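K.L.:
Predicted model, plus sequence, below.
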Amino acid sequence: MNNFRELIVWQKSIDLVVRIYEVTKKFPESEKFNLVSQMQRCGTSIPSNIAEGAGRNSAAYFKQFLTVAIGSAYELETQLVISKKLNYVNEEIYNQLVRDITEVQRMIYGLHGTL
């Protein structure tokens, strides 16, 4: 259906995942199988579902996968809030990541609305 690599939302969500990996490297070792793993997995889920949906042969399937991607974005945002409350991320990193996540969320909603 679409070349997912050309979708700006996919590109921005890839950048977001890379940033999440960079930030979570600094989390305590005790979080390796908890918040770190969860944040990396749901972050990775965002561009993965965009790509998978774009590869399907119908708008209905694409919309379904975009819905999963937006859910993962909200899940990531929630885990980021928890990370902030546990002082694993500082205010500056938190605010930037929230802006990035919000931008991806808005873009996914926008793309969903065009299908």
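P.N.:
Right, received. Where do you want to start?
K.L.:
Pull out the buried residues from the longest helix belonging to the chain.
P.N.:
For the chain, the longest helix by residue count, based on DSSP state H, is helix 59-85. For helix 59-85, the neighbour count (16 or more other CB atoms under 10 Å) marks 61-66, 68-70, 72-73, 75-77, 79-80, 83-84 as buried. Yep, even glycine has a C-beta here, placed from its N, CA and C like the rest.
K.L.:
Report all helices and strands that the next helix or strand after it contacts.
P.N.:
Following the chain from helix 59-85 toward its C-terminal end, the next helix or strand by DSSP states H and E is helix 91-114. If contacts are counted by 3 or more CB pairs under 8 Å, 6 or more residues apart in numbering; DSSP states H and E, helix 91-114 sits against helix 8-24, helix 37-55, helix 59-85.
K.L.:
would you turn those into TSV with mean pLDDT and distance to residue 95?
P.N.:
What follows is the helices and strands packed on helix 91-114, written out as TSV (pLDDT from 0 to 100; distance: least, CB to CB, whole Å):
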stretch	mean pLDDT	distance to residue 95
helix 8-24	98	13
helix 37-55	97	17
helix 59-85	97	9
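K.L.:
Could you export the ones you listed as CSV, including distance to residue 101?
P.N.:
Conversion of those to CSV gives the following (distance: least, CB to CB, whole Å):
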stretch, distance to residue 101
helix 8-24, 7
helix 37-55, 9
helix 59-85, 5
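K.L.:
among the ones you listed, which is nearest residue 96?
P.N.:
If you check each of those against residue 96 by CB to CB, helix 8-24 wins as the nearest, at 8.1 Å.
K.L.:
What residues of the closest one count as buried?
P.N.:
Buried residues in helix 8-24, defined by neighbour count with 16+ other CB under 10 Å: 9-10, 12-14, 16-17, 19-20, 23-24.
K.L.:
I'd like to check the angle between the longest helix of the chain and helix 8-24, please.
P.N.:
Comparing the axes of helix 59-85 and helix 8-24 via axes from the mean of the first three to the mean of the last three CA atoms, to 10 degrees yields an angle of 30 degrees.
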